[in-house]
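**Q** Show me how the following folds:
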Amino acid sequence: MDRSPDRLNLEHLKKQAKQLIRLYRSRDPAAMARLRSALPVAAGRSDDDMASLELRLHDAQSCLAREHGFASWPDLKQYVDVQMAARDKRDARILHWAQLLYSGDVSGTVNRANPRVALRILADDPELIAGDPYLACAIGDEGALRQATAADPTWVNRPGGPLRLPPLFAVAHSSLLRVDEFRQRLHASARLLIADGADVNQHIFSRWPPGSLAEPDQSCPLSTLYGAAGSSHDPALTKLLLDAGANPNDGESLYHSLENPACTRLLLEHGARIAGSNAIYRSIDLEDDTALKLLLQHGGDPNEPALNAPLTDWDSPLAWAIYRRRPHHVRALLEAGTDPTRTTAAGVSPYRLALQFGLTDAAALLRGPAGEPDISDEERFVAACARGDETAARAIQARRPDLPASLLPTQSRLLPDMAAAGADDVVKLMVTLGWPIAARGGDWDASALNQAVFRGNAGLTRFLLEHGAEWTERHGFGDNACGTLSWASLNEPVEGGDWVGCARALRDHGMPGATEIPADPDWVMVAGIRKRFSDEVSEELLGREA
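**A** Below you'll find the predicted structure:
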């Protein structure tokens with residue numbers, strides 16, 4: 001097999017993957033051997049065992065990617081895209097390479113940083129970044145930085161390179177901080193630049209829409225510290241910058257550091273202010289309660305109002321913890337002195353809210369010394385559904401046959417909320433009991449069907465469609481389940497999602513298939529609208545066997 005980058009062509013690779021999966025289905029020995037050699041799931045299996053795996057197109061694509069030395073098909077695809085886009089234009093090639101190393105708010109793209117592909121391109125062309133000290137910052141090349149400083153000591157505080165980044169900022173935001181062999185080099189480069197006079201508070205303005213690389217968003221500054229603490233979550237570099245005087249109150253670092261509490265602790269110890277950062281709410285989004293407890297221990301307000309408009313229905317940390325179904329966080333907030341009587345904007349108490357979301361243990365903590373307050377039949381019905389108690393729900397429904405049709409909109413939204421939480425059994429019970437199936441809720445005001453498609457939950461998608469859900473149901477971003485399928489199949493927000501199964505279910509229940517756009521093979525038409533999907537989902541929607 002010719003693995004030369006000059007011979008790679010994406011359309012040829014796609015055809016090869018389709019051919020490989022067809023050969024696999026026909027039990028071709030050579031195809032079986034290739035898949036067995038490349039795919040961990042097939043290693044050591046007999047042909048019969050491999051056939052039982054029912055491998056699909058994405059498995060064949062993964063096989064080809066691994067044969068070409070890439071970890072995944074998206075990596076191979078991105079590599080080929082860069083190679084083709086910048087084949088004969090060195091400046092464009094360098095820009096594409098730099099954009100692979102930095103997140104979209106820095107690079108001006110909509111892609112995540114991909115250091116794996118960037119390193120492969122550099123391995124193919126080691127001279128690609130020679131002579132540019134700003135690109136040397138991205139890989140931690142101390143020698144090149146020393147030479148640049150010797151030639152011009154002022155460069156350490158001057159933006160430059162294809163992304164127009166200040167040197168220390170370029171080091172701190174490089175995604176190679178996540179790669180073991182480069183981390184120490186980048187740390188050393190940061191120390192060198194600081195010693196040579198680099199301002200530790202170097203910053204740029206966001207290039208994320210509505211900003212761009214050409215016209216950054218002047219309302220959204222991004223600091224050097226944010227790269228270390230909030231993007232790469234690197235405690236050592238975070239400490240280095242803070243000890244050198246980096247401002248911990250940059251509007252981004254604390255909020256984004258919470259996935260690594262070691263970085264959060266450093267920021268707090270250096271004076272980061274919790275109030276006004278929304279860090280309390282962000283910490284409740286995380287399954288582990290370590291970050292929340294850390295914020296509370298450092299003076300975080302357990303009753304802090306939310307800053308963002310989408311949280312107005314849950315305008316307290318306690319309400320947000322209940323909505324997120326985080327019983328450990330509820331307990332931590334109560335121990336820190338949160339107000340257990342503060343109602344939501346709709347007048348629902350935390351106790352009733354906990355019942356509404358099926359958090360029986362949390363409700364017991366919130367019940368108070370006066371005992372269990374009286375609740376309505378509606379609330380009892382909702383609570384029984386949320387905890388999956390079919391017997392109790394049907395008993396209430398027997399004396400109140402108007403339920404669930406007469407529920408308030410704030411109660412009806414529990415169906416999509418539970419779909420977003422992955423509580424499939426609860427969703428199925430609610431639907432069986434007659435819950436309004438098109439009710440919208442969740443973080444992005446979407447129906448249960450949209451939530452299921454987003455998660456790649458093919459079984460729940462089919463169940464909802466079989467019980468009356470429609471693919472045309474809208475969500476808060478102005479599209480329908482087809483648009484949800486498009487975004488989710490390309491971005492895979494949930495590991496292991498089956499978006500092909502979702503596509504098949506949607507087609508089986510009324511969503512039109514796709515038609516090709518000959519001039520633009522990456523896109524298809526669905527119901528007269530141009531859409532883009534993952535390769536495998538496109539094949540399904542085009543009605544091809546993949």
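**Q** The residue most central in space within the chain - nearest residue in space that isn't next to it in sequence?
**A** Residue closest to the average C-alpha location in the chain (CA atoms, centre = their mean): Pro493, at 5.2 Å. Distances taken as CB to CB, 6 or more residues apart in numbering put Phe454 closest to Pro493, at 6.6 Å, once the chain neighbours are dropped. (Each C-beta comes from the backbone N, C-alpha and C, glycine too.)
**Q** where does the stretch 1-150 of the chain dip in pLDDT?
**A** Along the stretch 1-150 of the chain, the model assigns pLDDT under 70 to residues 1-7, 86, 88.
**Q** picking that back up, surely the residue nearest to Pro493 touches Thr484?
**A** Yes. Shown here, Phe454 and Thr484 form a contact pair, counting by CB atoms under 8 Å, at 5.3 Å.
**Q** Thr238: what's it in contact with?
**A** 225, 228-229, 257, 263, 266-267 (CB atoms under 8 Å, 6 or more residues apart in numbering).
**Q** Out of the residues you listed, who's the most crowded?
**A** Ala229 (34 neighbours; other CB atoms under 10 Å).
**Q** Please tell me the pLDDT value assigned to that residue.
**A** Ala229 carries a pLDDT value of 98.
**Q** can you list the weak-confidence ranges in the protein?
**A** 1-7, 86, 88, 308-312, 369-373, 544-546.
**Q** got the domain boundaries for it?
**A** Domain assignment of the chain by automatic domain parsing yields the ranges 14-67, 79-273, 280-366, 413-541.
**Q** Quick one: end-to-end distance for the longest one.
**A** Just to be clear, that refers to domain 79-273. 42 Å (CA to CA, to the nearest Å).
**Q** roughly how far is that domain from the heart of the chain?
**A** What separates the centre of domain 79-273 from the centre of its chain is 21 Å, taken as CA atoms, centre = their mean, to the nearest Å.
**Q** now swap in stretch 328-338 and tell me
**A** On CA atoms, centre = their mean, the centre of stretch 328-338 falls 27 Å from that of its chain.
**Q** buried stuff in that stretch?
**A** 328-330, 332-334, 336, 338 (16 or more other CB atoms under 10 Å).
**Q** Same question for stretch 436-456.
**A** Buried, per 16+ other CB under 10 Å, within stretch 436-456: 436-442, 444, 446-456.
**Q** Cross these against strands and list the overlap.
**A** 440-441, 446-447 (DSSP state E).
**Q** Which residues does stretch 492-503 contact?
**A** Under CB under 8 Å, 6+ apart, the answer for stretch 492-503 is 56, 452-459, 461-462, 485, 488-489, 533-534, 536-537, 540-541, 546.
**Q** Try it again at 7 Å.
**A** 56, 453-456, 458, 461, 485, 488-489, 534, 536-537, 540-541 (CB atoms under 7 Å, 6 or more residues apart in numbering).
**Q** Kindly report the same for stretch 52-61.
**A** 17-18, 20-21, 24, 35, 39, 41-42, 73, 500, 535-536, 539, 546.
**Q** again with stretch 289-297
**A** Residues outside stretch 289-297 that contact it (CB under 7 Å, 6+ apart) are 258, 261, 264-265, 274, 279-280, 283-284, 302, 328-329, 332, 336.
**Q** among those, which are in helices?
**A** 261, 264-265, 279-280, 283-284, 328-329, 332 (DSSP state H).
**Q** How about the contacts made by the residue lying closest to Ala383 once chain neighbours are set aside?
**A** Spatially, and ignoring its direct neighbours in sequence, Ala383 is nearest to Leu355 (3.9 Å; CB to CB, 6+ apart). Residues in contact with Leu355 (CB under 7 Å, 6+ apart) are 363, 375, 379, 383.
**Q** Which of those residues sits closest to Leu506?
**A** Ala383 (32.4 Å; CB to CB).
**Q** And the closest one, its phi and psi?
**A** Dihedral pair for Ala383: phi -60, psi -40, per degrees, to the nearest 10.
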